[in-house]
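**Student:** Just the structure for this:
(chains A and B)
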Amino acid sequence: MKQSLLKLLAVLFAFALIAAACGDDDDDASEDTGSEETDEGESSDGDMAEGDVDFGGAEVTITGSERDDPSVAAINDALNEHFEPLGLTVTFAGDADWEANINTQVQGGNPPDISLFPQPGKLADFARAGDIVPLTDEVVAAIDEYWAPGLSSVVNVDGEQYGVPVKSDLKGIVFYKPARFEADGYEVPTTYDDFVALVDEMAAAGGSKPLCVGIESGTATGWMFTDWVEDMMLRLHGGDVYDQWISNEVKFDDPRVIEAMQAVKDLWTEENVFAAGGTISATNFGAPVAEALAADDCYMVRHSNFFAGLFPEGTVFADGSEDAIDVFYFPDINGDGPVLSAGNFATAFNDRPETMAVLEYMATADYAQSRQAKQSAELDGNLSGFLSAAKGQDPSVYQPLEQQFLDILSSADFVRFDGGDLMPADVGSGSFWSEGTALTNGDITAEEAGANIQATWPE
Amino acid sequence: MSSTSSLSPGIASDAPEAALGRTGRWYAFIRSIPTWIVWLIVIVWSIPSLGLFVNSWRTRDAQTSTGWWAVNVDELTFDNYDQIFSARNSIWDSLANSFAIALPATIIPIAFAAFAAYGFAWIDFKGRKGLFIATVSLLAIPLQVALIPLLQLYVGGAKWTLPLLDKTITLVPDFDLAGETTAVWLTHTGFAMPFAIFLLHNYISSLPKDLFEAARIDGADHFTIFWRLVLPLSVPVLAAFGIFQFLWTWNDYLIANTMVGSNPDAHPTTILIANLAGDFGRNEHILPAAAFVQAFIPLVAFFALQRFFVRGMLAGSVKG
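**Tutor:** Got it, this is the predicted structure:
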């Protein structure tokens, strides 16, 4: 008894020591190399060419909600390739729970140096609370050089620029199979009326359904509905009303908003929509919809650029072959060609020179292109799902389909940011989703949904 | 598992069939009912794990198109396991981190709590009852409310300015532990202590008093009594607490996420798995495999320590 107890304890203690040693090893190692680099950096300072910066082994940590293996690897590689020669180590950590963690880290006094915000609304809250710092003039100059004002001004809070656009998403595009359209005698619609007529024609033909739609997304179920409504708001009422809607000058129970919600609801009828999960709100927005389109269960899917990355392996895009999938612009109503976008913005939690240097580089076309090249290499040349609207990138790092996305994004002079991300969280990632889901299910009318959402708008 | 095997004699009655008679057989049937119910519960509770295990071997297409019960041989693959072990953020590193958290967080509370429980149970000192009640009442403090203050403590230490003298003294130095696995097991250790002391105290205080008197007469001091008498006798309860604490720290996400969330080099498996699926569920198909690897280690720990439960608690102790 006693012996076996001692053995047990001995084994456990040995394990504990090994484990503790393992845990410490990394830290020691990194600290050691860190200090060595510092020494080298200091001693070689005199040899450095004029104008070259050396950060002497400093480290910059970045967090964000992007956590796909290839994305994380590509961001890390692209940044370190640039900064390693300058004596700076950059670590990007993808975080499934980013939305909650960034709050905890700020409150706990342990924020990262840089974080990538997907919602300008949240970024503005942080800016007003003084948790993030305004960007230096050099960084702002880089943003002005590489980014269209429409894409960067959403993170300008009270006259100060707080965010660097680092990733762009394009919404309001329709995926379809050109060869199938041709075989069945359909044409790509150029006006919204044509689009509705096409949907009716396809539904009447009784073959596969015109549209595939899914809005299920776990606790975020319903955001796909809000995307559609935003697209409709832009197309029906233009940019000014859209801006007023986001700041709640145009209320949710306004007839114009209800008109937009009703327009979406009218398209999502049983005759028009194929839902792999039985109903629209029980169908996941991603892979099931992509698989349904690939399997010819429907003709069209309105989605975002990242949707291209969700198709089954071996799907071909925009190469003219029989099963190839291509996109067209979700047609407008008033001929003003609005584009709905979304994206990530890098923000600084301190103004150390290395933090700002990383942000300055992240604003450039060089970074965007380097990340894109690395990301598609990670995926063996498949579509990366990454897109950046930075000006001056070499277009050859993008595949033909992605180039089309960029063309739409860069040629538009009427760009608006995803409204749900700009609204207060209670609405933008709360009631707008849940009431939209209820409307989709037919539990409430568009008028009721509008009134319910308006009631949750914070004073 | 052990509970079912101890119940199983209920089914197989070894009395001869003829001697039983009508009432005897009826009685045997009634007696076997709890066993059948336990088996039923075991089966129902095992189904999700079975589904997870089966799915972990199926291809992505198979997982997304049909349920695990529709499994057939052609769709089985090693790729999921291959992917989680060979990926750039391989599960090996995070397993090492999980061990670096779970082992100290299991052993340290047991060691401290065993001493404390012995002291509370068998050493007579002033204020013993009050101190014990104070310790145990800390059980009521929810861990979640303390997380952010703890993180602040790890990051910035604690300083206190004396009111009139205008002098600042450092109560806790700034260890800068955020992002280190140390911060995680330190937190686990602290929060495990009240329950560990409570559990071990209950057990240790119920050891027969004669034993301690006999040891005293033979000239043993407190340390000898603790080391040669109490510890060997408490193995079952130490093992029981060890298993619970190991399972809890191994499967913890919240504390690890708060303390080391921003440092990917210190992520335990729970955080790795949470991040594995990717932004839009691109890698959802490798989740079952990763979850199974994560669940496998506690199973090993459980079965390895199981015999300490079963062993008679006081077997042979008085005889020496």
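**Student:** what does the domain assignment say about the chain?
**Tutor:** In the absence of a named chain, chain A is used. Using automatic domain parsing, the domain parsing of chain A gives A:2-169+A:343-398, A:171-341+A:401-455.
**Student:** wait, chain B
**Tutor:** Taken from automatic domain parsing, chain B resolves into B:1-55, B:78-310.
**Student:** For A:Leu310, find the nearest of those domains.
**Tutor:** domain B:78-310 (6.1 Å; C-beta to C-beta). Just so you know, the C-beta spots here come from the backbone N, C-alpha and C atoms, and that holds for glycine as well.
**Student:** Distance-wise, check the closest residue to B:Asp93 other than its chain neighbours relative to A:Thr61.
**Tutor:** Leaving aside its chain neighbours, B:Asp93 sits nearest to B:Asp265 (7.5 Å; criterion: C-beta to C-beta, 6 or more residues apart in numbering or on different chains). Using C-beta to C-beta, to the nearest Å, B:Asp265 is found at 11 Å from A:Thr61.
**Student:** Near B:Asn306, how many other residues are there?
**Tutor:** Quick fix: residue B:306 is Gln, not Asn. 14 (other C-beta atoms under 10 Å in any protein chain shown).
**Student:** list the contacts for the residue of the stretch 251-400 of chain A found nearest chain B?
**Tutor:** Closest contact between the stretch 251-400 of chain A and chain B, by C-beta to the nearest C-beta, is at A:Gly286 (5.2 Å). Applying C-beta atoms under 8 Å, 6 or more residues apart in numbering or on different chains, we find A:Gly286 in contact with A:214, A:217, A:307, A:310, B:280-281.
**Student:** low-scoring pLDDT stretches of the chain, where are they?
**Tutor:** In the absence of a named chain, chain A is used. Chain A contains residues with pLDDT under 70 at A:1-52.
**Student:** my bad, chain B
**Tutor:** Checking chain B against pLDDT under 70 turns up B:1-20, B:309-320.
**Student:** So which residues of chain A form strands?
**Tutor:** A:58-64, A:88-94, A:114-117, A:156-157, A:160-161, A:164-171, A:173-176, A:209-212, A:273-274, A:298-303, A:326-329, A:339-348, A:415-417 (DSSP state E).
**Student:** B:Asp124 and B:His222: what is the separation?
**Tutor:** Distance from B:Asp124 to B:His222, by C-beta to C-beta: 11 Å.
**Student:** neighbour count winner among those two?
**Tutor:** B:His222 (15 against 6).
**Student:** I'd guessed that one sits against B:Ala121; true?
**Tutor:** No. Applying C-beta atoms under 8 Å as the test, B:His222 and B:Ala121 come out as separate, 11.5 Å apart.
**Student:** quick one on the thing from earlier: and the residue nearest to B:Asp93, helix, strand or coil?
**Tutor:** Under the three-state scheme (DSSP: H, G, I helix; E, B strand; the rest coil), B:Asp265 adopts helix.
**Student:** Just give me the residue right at the centre of chain A.
**Tutor:** Nearest to the geometric centre of chain A sits A:Gly343, at 4.7 Å (C-alpha atoms, centre = their mean).
**Student:** Quickly list what A:Asn344 is bridged to.
**Tutor:** Per DSSP bridges, the residues bridged to A:Asn344 are A:Lys167.
**Student:** List the contacts of it.
**Tutor:** A:Asn344 neighbours (C-beta under 8 Å, 6+ apart): A:64, A:66, A:116-118, A:165-167.
**Student:** What of B:Thr258?
**Tutor:** A:101, A:104, A:108, B:147-148, B:151.
**Student:** B:Ala274: which of the residues you listed is nearest?
**Tutor:** So of the contacts of B:Thr258, ranked by how close each gets to B:Ala274 (C-beta to C-beta), first place is A:Asn101, at 10.9 Å.
**Student:** Count the residues that sit near the nearest residue to B:Gln144 once chain neighbours are set aside.
**Tutor:** Spatial nearest neighbour of B:Gln144, excluding adjacent residues (C-beta to C-beta, 6+ apart): B:Leu254 at 7.2 Å. Using other C-beta under 10 Å, B:Leu254 has 12 neighbouring residues.
**Student:** who are the neighbours in contact with A:Glu459?
**Tutor:** Applying C-beta under 8 Å, 6+ apart, no residues qualify as near A:Glu459.
**Student:** any idea how far A:Gly309 is from it?
**Tutor:** 40 Å.
**Student:** Repeat that for A:Gly277.
**Tutor:** Distance from A:Gly277 to A:Gly309, by C-beta to C-beta: 20 Å.
**Student:** neighbour-wise, which of these two wins?
**Tutor:** A:Gly309 (20 against 14).
**Student:** Report the separation between the more buried one and A:Ala290.
**Tutor:** 9 Å.
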